[in-house]
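Q: Everything below, folded, please.
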Amino acid sequence: MRESFFPDFDWHTVFVQPWTEYASNSFWIALMGFLVSGTCGLVGCFVILRRMALVGDAISHSLLPGITLAFLLTNSRATLPMMIGAIVAGVATVALIEAIRYSSRIKPDAAIGIVFSSLFAVGVLLISAFADKVDLDAECVLYGELGFIPLQDIAQFGGIEIGPGPVVRMAVIALIAIVLLLIFYKEMLVTSFDSALAASLGINPTRYQYGLTLLLSIVIVSSFESVGVVLVIAMIIFPGATALLLTDRLPIALWLSTLFSALYALLGFHLATWLNASIAGGMTVIAGFLFALVWLVAPRRGLIARYVRPNQALESPIEPLESSV
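A: Next up is the predicted model:
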């Protein structure tokens, strides 16, 4: 008999067994997925408001030559040199895009395509030429694997075991991102909506643009070992984009993006368990499904609402004045 495309679904195997027989492993995998998606989602809300989604894509690809050069120069895969290489590559990416935009007639989308494809190709060339005999390959960087998280070295603090190293590092990065966004919330809000107004208030938009780029680079490089560089861009876009379909207020959108991130982690984990597939891929499929569902049924901006009220005026994605409340 011909095998079905999908494996047989067994509720106990998919939903019960992971939290009974393999509870510890499942906890760390789901927590890492939530930390990655949640942190990317919080930063992603500001990335989307600034219309920088493609820039985030460019950064995620152009980190490859940065981390490869860091490895070749230090002969180490430690977090610090990788982080420094990623930050340098992220800043260089934005600087090159801006230089091409303002010194030529090339449009922003073309400038982004030129920079990220060129830098990504340089990274692939460096890996294939100088790092092909070490455990630093393009597939690891591109796809990652959340399932390996429980097997990582356990981080300790004061002799007390905390958890797998990548989870602890991602938790620290998430905490740093939250603190920075809270401290500079008003400046980020103003510069995201009206750079001219920000300049008139004495706020330098370029400074916060590069600050967001630095934070985005750090978040991406902290995430790529678990979900991969290619898939992390989905986590930057989907939570914020889905949340902004449901609300006009930025604080609510930030909370909603966090809620969606938790759903991505849990439902994606169980989907991957059922299909015996990539957990990061499962998270992204769930993210796409939830976005499509919200896009369809959102009360004000959903397709059904627009069909029922065809004369409804097109609304802006978010209201700046309400966002500050």
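Q: what about Gly56, which SS state?
A: Assigned with DSSP: H, G, I helix; E, B strand; the rest coil, Gly56 falls in the helix class.
Q: Tell me the spacing between it and Val308.
A: Taking C-beta to C-beta, to the nearest Å as the measure, Gly56 falls 34 Å from Val308. C-beta: built from backbone N, CA, C; applies to glycine.
Q: quick one, which of these two is more surrounded?
A: Gly56 (27 against 9; other C-beta atoms under 10 Å).
Q: Val47 is in contact with that one, correct?
A: Yes: if you go by C-beta atoms under 8 Å, Gly56 and Val47 touch, sitting 5.2 Å apart.
Q: Any chance you could list residues touching both of the two?
A: Shared contacts of Gly56 and Val47 (C-beta atoms under 8 Å, 6 or more residues apart in numbering): 216, 236-237.
Q: Could you identify which of those has the most neighbours?
A: Of all the shared contacts of Gly56 and Val47, Ile236 has the most neighbours under the rule other C-beta under 10 Å, reaching 29 neighbours.
Q: What residues does it make contact with?
A: Counted by C-beta under 8 Å, 6+ apart, Ile236 has contacts 40-41, 43-44, 47, 53, 56, 60, 216, 220.
Q: Which of those residues sits closest to Ala198?
A: Minimum distance to Ala198 across those is 17.0 Å, recorded for Val47 (C-beta to C-beta).
Q: tell me the SS of the closest one?
A: Following three-state DSSP, we place Val47 in the helix state.
Q: List the contacts of it.
A: Here Val47 is in contact with 53, 55-56, 212, 216, 236-237, 240 (C-beta under 8 Å, 6+ apart).
Q: With Leu254 instead?
A: Counted by C-beta under 8 Å, 6+ apart, Leu254 has contacts 42, 45, 243.
Q: Please report how far it lies from Leu63.
A: From Leu254 to Leu63 the distance is 25 Å (C-beta to C-beta).
Q: One more: Glu161?
A: From Glu161 to Leu63 the distance is 30 Å (C-beta to C-beta).
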